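Peer 1: What follows is a predicted protein model with its sequence.
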Amino acid sequence: MYNKPRIRLRELLFWRFEMIETLMVPPFEMDIDEISSADDSPESGWRTVHVYLPPDYHDEPQRFYPVVYMQDGQNIFSTEQGATVSWDVDLTADRLISAGFMEPVIIVGIANTMWRDDEYTPTFDEGEGSGGGADLYLDYLTEKIIPVIESHYRIIDQRDSRAICGSSLGGLLALYGAMRHTETFGHIAAISPSLWWDKKVIFDIAANWDLEDLETRIWMDMGHHEEDEDDEYDYPDEAVDAEYDEDNGVNDGNGDGDGDDSGDDSGDDEDAEDEDDSNGAISDDDDDSDDDDDLDNDDDSDDDDDSDNDDDDDSDPVQDARDFCDLLLERGFVEGEDLIYYEDAWGFHDEVSWGIRMEKVLLFLFGRE
């Protein structure tokens, strides 16, 4: 019988409901059933990692699973009380797996720290006065967190079964992480990535990306209502509801309002959904967009939509995303196959929008044919 190592008082293991485990990562020696590890994280000294286990995990002891490593892990699961708004990724995964639409997966949510701007960015941004710690963070992720997690849980130890995912600066980190560790990650999900960081340095990095003849699949998306570079702004519940209600006739971020049907992926947005289902990619067609969503027509813009002005083209997140996808196509990616770019006509730069899009993201990463 296995004898567990002695656990110090500061070594913690919490169970949150049935599917979420929370554990403390080094420098404290960490006991997770059978595992011990001790090393400092890049700057914070510790961080919390949340692990989602699929519904059949404990019933299938011989089965191994693909894995998704997500940034900002304190915001993504429904059981976490610290976040103002949760993505409910666990609920989405449960639903897709139970319906047979997606392979059962393990999802690892790595909490951010007060050094988030530094850890998630590849270079120092003079305008922001921060950044440049992504290499250190990625070394910590690949050399410490991944080995500990994958030695404890039944995870398929292959790059084509391993994904890195994040939103905003976390999306930038996901792109950069896959470029720097192509041998580790076979799938990328960059949700509303902060491509503007340090004068769009990620464009230069991608242009020189050594793909190593390895197949890499990329999901990238952007919302039409993402207007600026304020990466850290998160709407409180009431503000999210007000924004969606005012612009789209939706009472909540789940699209269950009694206004227009557009918030729940129906109504005016059905054509876009049909196109997504048919070819795996969505582009911005004028015929499928309302005046509120026409980012390219200055005549239809409100005074608040300063990102549409010619003077602000460099900070237009939608145009940046399109340009970045064009660059990836030049590098040999094929849209609809190993590259999916999706524009969310109702999407803001917030957790509610990202949570809604996670169904598409998870189906891209590990959906069943």
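Peer 2: Ah, there it is. Numbering: from 1, shown residues only.
Peer 1: And the strands in the stretch 51-200 of the chain, which stretches?
Peer 2: For the stretch 51-200 of the chain, applying DSSP state E, counting those that start in this stretch gives strands covering 67-71, 106-110, 124-125, 130-131, 162-167, 187-191.
Peer 1: Switch those strands over to TSV; also include mean pLDDT.
Peer 2: Output for these, formatted as TSV (pLDDT from 0 to 100):
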stretch	mean pLDDT
strand 67-71	97
strand 106-110	94
strand 124-125	96
strand 130-131	94
strand 162-167	98
strand 187-191	98
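Peer 1: For residue 54, which of these is the nearest?
Peer 2: strand 106-110 (6.8 Å; CB to CB). The C-beta positions use only the backbone N, C-alpha and C, and glycine is treated the same way.
Peer 1: Okay, now the sheet partners of the closest one, with direction.
Peer 2: When sheet partners are counted by DSSP bridges, strand 106-110 sits next to strand 47-52 (antiparallel), strand 67-71 (parallel).
Peer 1: which of those strands sits most buried?
Peer 2: Across the strands paired with strand 106-110, averaging neighbours per residue (mean count of other CB atoms under 10 Å) puts strand 67-71 on top, at a mean of 26.
Peer 1: That strand versus strand 187-191: what angle between them?
Peer 2: 30 degrees (axes from the mean of the first three to the mean of the last three CA atoms, to 10 degrees).
Peer 1: what about residue 158, how many neighbours?
Peer 2: 10 (other CB atoms under 10 Å).
Peer 1: what's the nearest residue to it if we skip its chain neighbours?
Peer 2: residue 186 (7.7 Å; CB to CB, 6 or more residues apart in numbering).
Peer 1: again with residue 98
Peer 2: In this structure, residue 98 finds its nearest non-sequential neighbour in residue 55, 6.5 Å apart by CB to CB, 6+ apart.
Peer 1: For the one you found, list the residues it contacts.
Peer 2: For residue 55, the contact set (CB atoms under 8 Å, 6 or more residues apart in numbering) comprises 19, 94, 97-98, 104.
Peer 1: Reformat the strands of the stretch 51-200 of the chain as TSV; add distance to residue 362.
Peer 2: Below are those laid out as TSV (distance: least, CB to CB, whole Å):
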stretch	distance to residue 362
strand 67-71	8
strand 106-110	9
strand 124-125	31
strand 130-131	29
strand 162-167	9
strand 187-191	9
